[in-house]
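Asker: only geometry, no sequence info:
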């Protein structure tokens with residue numbers, strides 16, 4: 001096993017300097033010095049030791065297409081002039097930036113009002129505005145299949161090294177990469193645990209390879225995804241399409257028809273995200289069962305370790321070793337990650353950092 005921690009080898013701190021620091025400041029200084037001495041590996045140097053689970057954050061999507069580099073869908077919608085004042089007021093009143101939550105609330109209200117013969121037009125109009133705003137924003141920021149097609153094989157080959165993929169991203173990149181492998185005879189298969197559009201309760205059995213396949217990767221979306229939706233009966237399902245190239249178009253078309261609403265957790269605090277997770281059968285199963293089952297090693301690619309995703313970090317506390325991608329040798333990021341892992345999981349975790357632009361890593 002490679003050495004995952006390195007001790008600081010810089011000259012000792014002068015006694016005069018020690019005298020002007022408090023104990024807490026001194027601990028922070030020493031920790032930063034150790035982090036600054038932390039080696040940032042190339043992916044090929046460590047890949048043989050990390051083949052369990054990979055967690056993908058928004059940085060992975062940004063690496064594929066720069067259009068994903070926005071702070072939130074709602075802010076982007078506002079920036080490009082899609083939000084009317086009444087829609088802004090709805091989001092503000094519920095103290096959220098999550099489209100899925102607002103759509104779900106408005107959708108349920110229209111159904112109940114219709115059943116009770118309550119005047120409903122204003123709610124219907126609001127729902128239509130929010131839905132159309134989300135559709136136009138997604139179309140604005142999400143690249144077409146043809147734009148990123150040439151990167152999907154590299155992503156497929158990278159992801160098939162792992163037995164589990166956890167994508168926190170709502171976009172279709174991982175799903176498109178999975179589909180790319182269907183035409184490759186490499187005795188490997190990806191499974192997202194949806195059978196005939198519905199989630200398989202006994203998802204663990206799907207780890208077993210089928211037929212001539214020898215290895216399997218299970219894929220989960222802890223925050224949902226564009227391919228997931230709720231129908232008018234509250235059932236959660238996966239949207240399917242005849243071809244990869246037409247998938248995004250099919251999703252948008254079904255949203256427009258109004259028979260389904262999207263199932264993905266957008267922006268918000270960790271508390272707001274937890275509420276959305278608990279309101280979803282699929283998301284809660286992933287949160288309660290899949291995340292805590294990760295116990296050996298975990299690769300983190302493109303995840304910012306933000307305070308709004310602390311609920312994810314707490315659920316993966318059984319992991320023994322992390323390999324974490326770093327963009328542009330950002331030692332401040334390394335220091336922050338070290339502090340967060342120590343705070344929420346403990347200092348028993350082995351950490352190593354690797355260059356996010358390493359050859360053979362993600363889409364490189």
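Answerer: Cool, the structure landed. As the structure is a computational prediction, the values presented were derived from the model and not from experiment. Numbers count the residues shown, from 1 in each chain.
Asker: To which secondary structure element type does residue 83 belong?
Answerer: Assigned with DSSP: H, G, I helix; E, B strand; the rest coil, residue 83 falls in the coil class.
Asker: which residues touch it?
Answerer: 74, 77, 133 (Cβ atoms under 8 Å, 6 or more residues apart in numbering). C-beta here means a position set from N, CA and C on the backbone, and glycine is covered the same way.
Asker: roughly how far apart are it and residue 99?
Answerer: Distance check for residue 83 against residue 99: by Cβ to Cβ, to the nearest Å, it reads 11 Å.
Asker: what residues are shared contacts of the two?
Answerer: With contacts defined as Cβ under 8 Å, 6+ apart, the residues adjacent to both residue 83 and residue 99 are 74, 133.
Asker: Scan the protein for its longest helix.
Answerer: Counting by DSSP state H, the longest helix found in the chain is helix 121-141.
Asker: related to what we said a few turns ago, dump the contacts of residue 83 into a markdown table; add neighbour count and distance to residue 189 as well.
Answerer: Formatted as a markdown table, the contacts of residue 83 follow (neighbours: other Cβ atoms under 10 Å; distance: Cβ to Cβ, whole Å):
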| residue | neighbour count | distance to residue 189 |
| --- | --- | --- |
| 74 | 25 | 37 |
| 77 | 25 | 37 |
| 133 | 21 | 38 |
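Asker: from those, which single one is nearest residue 53?
Answerer: Nearest to residue 53 among these: residue 74, at 30.3 Å, using Cβ to Cβ.
Asker: now the closest one: how far from residue 83?
Answerer: Counting by Cβ to Cβ, the gap from residue 74 to residue 83 is 8 Å.
Asker: Check residue 163 too.
Answerer: 42 Å.
Asker: now swap in residue 183 and tell me
Answerer: From residue 183 to residue 83 the distance is 41 Å (Cβ to Cβ).
Asker: Same check on residue 323?
Answerer: 40 Å.
Asker: just residue 327 next, same as before
Answerer: Residue 327 is 31 Å from residue 83, by Cβ to Cβ.
Asker: again with residue 90
Answerer: In terms of Cβ to Cβ, residue 90 sits 10 Å off from residue 83.
Asker: And residue 220, by the same measure?
Answerer: Using Cβ to Cβ, residue 220 is found at 32 Å from residue 83.
Asker: what does residue 216 give?
Answerer: Using Cβ to Cβ, residue 216 is found at 43 Å from residue 83.
Asker: orientation of the strand or helix carrying residue 110 relative to helix 121-141 in degrees?
Answerer: Under the criterion DSSP states H and E, the helix or strand holding residue 110 is helix 99-115. Here helix 99-115 runs at 150 degrees with respect to helix 121-141, directions being taken by axes from the mean of the first three to the mean of the last three Cα atoms, to 10 degrees.
Asker: how near is residue 358 to residue 154?
Answerer: Between residue 358 and residue 154 the distance is 12 Å, computed by Cβ to Cβ.
Asker: just residue 81 next, same as before
Answerer: According to Cβ to Cβ, residue 81 and residue 154 sit 36 Å apart.
Asker: ok so, going back, what is the helix holding residue 110 packed up against?
Answerer: Contact partners of helix 99-115 among helices and strands, from 3 or more Cβ pairs under 8 Å, 6 or more residues apart in numbering; DSSP states H and E: helix 85-93, helix 121-141, strand 260-264, helix 270-278.
Asker: highest average neighbour count across the ones you listed?
Answerer: Per-stretch averages of neighbours, counted by mean count of other Cβ atoms under 10 Å, single out strand 260-264 among the helices and strands packed on helix 99-115, with a mean of 23.
Asker: And that strand, what does it pack against?
Answerer: Judged by 3+ Cβ pairs under 8 Å, 6+ apart, the packing partners of strand 260-264 are helix 99-115, strand 224-231, helix 247-257.
Asker: which one of the ones you listed lies closest to residue 275?
Answerer: Taking Cβ to Cβ, helix 99-115 is the member of the helices and strands packed on strand 260-264 nearest to residue 275, at 7.8 Å.
Asker: Let me know the angle separating that closest one from strand 260-264.
Answerer: Going by the same axes, to 10 degrees, helix 99-115 makes 150 degrees with strand 260-264.
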